[in-house]
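S.K.: The sequence and its predicted three-dimensional model are supplied below.
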Amino acid sequence: MRSILKALVAILIPIVMWGCSTIKPADPSGQPAGTLNGARPGYVETGKASFYANVHQLKKTASGEIYDHKLNTAAHKKLPFGTKVRVTNIANGKTVVVKINDRGPFIKGRILDLSRSAFSSIASTSSGIIEVKLEVIE
């Protein structure tokens, strides 16, 4: 009787723990659950943007691409990889089009991490962080 009870407990504990899990499975498109798979041209978001530090040069991004600071790319928490986004510096009106190929930024209050070239085309890198508007264009 005691061994049956132990076996039953050994089976039930993992089942209960699995049922309480908060990990979201990937959806059929391959994007992590919760991504904006339906992001269509015209989707707009505003917030703070920064740029990648030099230590990220030639390292793999979340999409599998190699980061190159000379390319106009960016990291966003939820937009699908390959999404083209127009980024506007709110302070001066300058814009750049980037492709989302990474996840991030992972600093509270930021919505976008731009490649160094993308950032420098709309602001001085000495400013570090800028207020931007992003708009999905394709």
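M.R.: Great, that's in hand. Numbers count the residues shown, from 1 in each chain.
S.K.: give the contact list for the residue lying closest to residue 95 once chain neighbours are set aside.
M.R.: Among residues not flanking residue 95 along the chain, residue 88 sits closest, at 4.7 Å (CB to CB, 6 or more residues apart in numbering). (Glycine included, C-beta is placed from N, CA and C.) With contacts defined as CB atoms under 8 Å, 6 or more residues apart in numbering, the neighbours of residue 88 are 94, 95, 122, 132, 133, 134, 135.
S.K.: Tell me the one of the residues you listed nearest residue 69?
M.R.: residue 122 (14.8 Å; CB to CB).
S.K.: How far away from the center of its chain is the helix or strand containing residue 86?
M.R.: For residue 86, the element it lies in under DSSP states H and E is strand 84-89. Distance of strand 84-89 from its chain centroid, counting by CA atoms, centre = their mean, to the nearest Å, is 15 Å.
S.K.: buried ones in that strand?
M.R.: 85, 86, 87, 88, 89 (16 or more other CB atoms under 10 Å).
S.K.: Tell me the one among those nearest to residue 60.
M.R.: So of those, ranked by how close each gets to residue 60 (CB to CB), first place is residue 85, at 20.9 Å.
S.K.: could you list every residue that touches that closest one?
M.R.: 74, 76, 79, 97, 98, 99, 100, 134, 135, 136, 137.
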